[in-house]
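*Asks:* would you be able to build a 3D model of this:
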Amino acid sequence: MLRAAMNPDALPNPAPLGPEQTLFEGNPALCPSIGAWLVCIFTLGFGCIYYFFRSRAVHYKITTQRVVIERGMFSKRMDQTDIYRINHFEVERPFGQRLVGTGNIILKAMDRSMPAVVIYGVKTDVMALYERLRTATEESKRAHGVRVLDNEM
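*Replies:* This next block holds a predicted model:
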């Protein structure tokens, strides 16, 4: 009679991921800071044309499983980072951006091709988005069986 050996150190099968939910989808704000507003005012609106095209050339989609950034107006380039690879978050809310209700999120990932993901000028509650993203990252790491080890020497 053969018996399967049980390894107490073996990881359990990862939990299946639920359906992918969108946390944020959109473009950066048209005028992401008070400085951009001042440029638009002093150039009599011509600065707005520049900021409009710059804003529409980037599209963010943040879900519970991945961060997708699509760049370009005519030719498109898409970068994607799986959310379980993210190991550090930074939230930037400079004074000029706080005045107009925007902010930045910088994600550091364990991905050699895209080690830092910058989500710039998002017109939403950046702190709430950060909290939802951090929670989704931890759940995704748990579901994929990912453990992060700190190696400080």
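
*Asks:* neighbouring contacts of stretch 127-144?
*Replies:* The list of residues contacting stretch 127-144 from outside it, by Cβ atoms under 8 Å, 6 or more residues apart in numbering, reads 14-17, 23-24, 62-65, 82-84, 86, 89, 91, 103, 105, 107, 122, 146-148. For every residue, glycine as well, the C-beta is placed using N, CA and C.

*Asks:* residues of that stretch that come out buried?
*Replies:* Of the residues in stretch 127-144, those scored as buried under the neighbour-count criterion (16 or more other Cβ atoms under 10 Å) are 129, 130, 132, 133, 136, 137, 139, 140, 141, 143, 144.

*Asks:* quick one: average pLDDT of it?
*Replies:* Within the predicted structure, the mean pLDDT of stretch 127-144 is 94.

*Asks:* from residue 120, how far out is residue 34?
*Replies:* Look at residue 34 and residue 120: by Cβ to Cβ, to the nearest Å, they are 15 Å apart.

*Asks:* who has more neighbours, the two?
*Replies:* The neighbour count for residue 34 versus residue 120, taken as other Cβ atoms under 10 Å, is higher for residue 120 (18 against 15).

*Asks:* distance of that one relative to residue 103?
*Replies:* Between residue 120 and residue 103 the distance, using Cβ to Cβ, works out to 9 Å.

*Asks:* can you show me the CA trace of the helix of greatest length in the chain as CSV?
*Replies:* Counting by DSSP state H, the longest helix found in the chain is helix 126-144. Backbone C-alpha positions of helix 126-144 (Å, rounded to 0.1, in the frame of the first residue of the first chain) are rendered in CSV as follows:
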residue,chain,number,x,y,z
VAL,A,126,-5.8,59.2,-4.3
MET,A,127,-5.6,58.0,-0.7
ALA,A,128,-8.8,55.9,-1.2
LEU,A,129,-7.4,54.5,-4.4
TYR,A,130,-4.1,53.7,-2.7
GLU,A,131,-6.0,51.8,0.1
ARG,A,132,-8.1,49.8,-2.4
LEU,A,133,-4.9,49.0,-4.4
ARG,A,134,-2.9,48.0,-1.4
THR,A,135,-5.7,45.7,-0.2
ALA,A,136,-6.1,44.1,-3.7
THR,A,137,-2.3,43.6,-3.9
GLU,A,138,-2.2,41.7,-0.6
GLU,A,139,-5.1,39.6,-1.6
SER,A,140,-3.5,38.8,-5.0
LYS,A,141,-0.2,37.9,-3.4
ARG,A,142,-2.0,35.6,-1.0
ALA,A,143,-4.0,34.0,-3.9
HIS,A,144,-0.8,33.5,-6.0
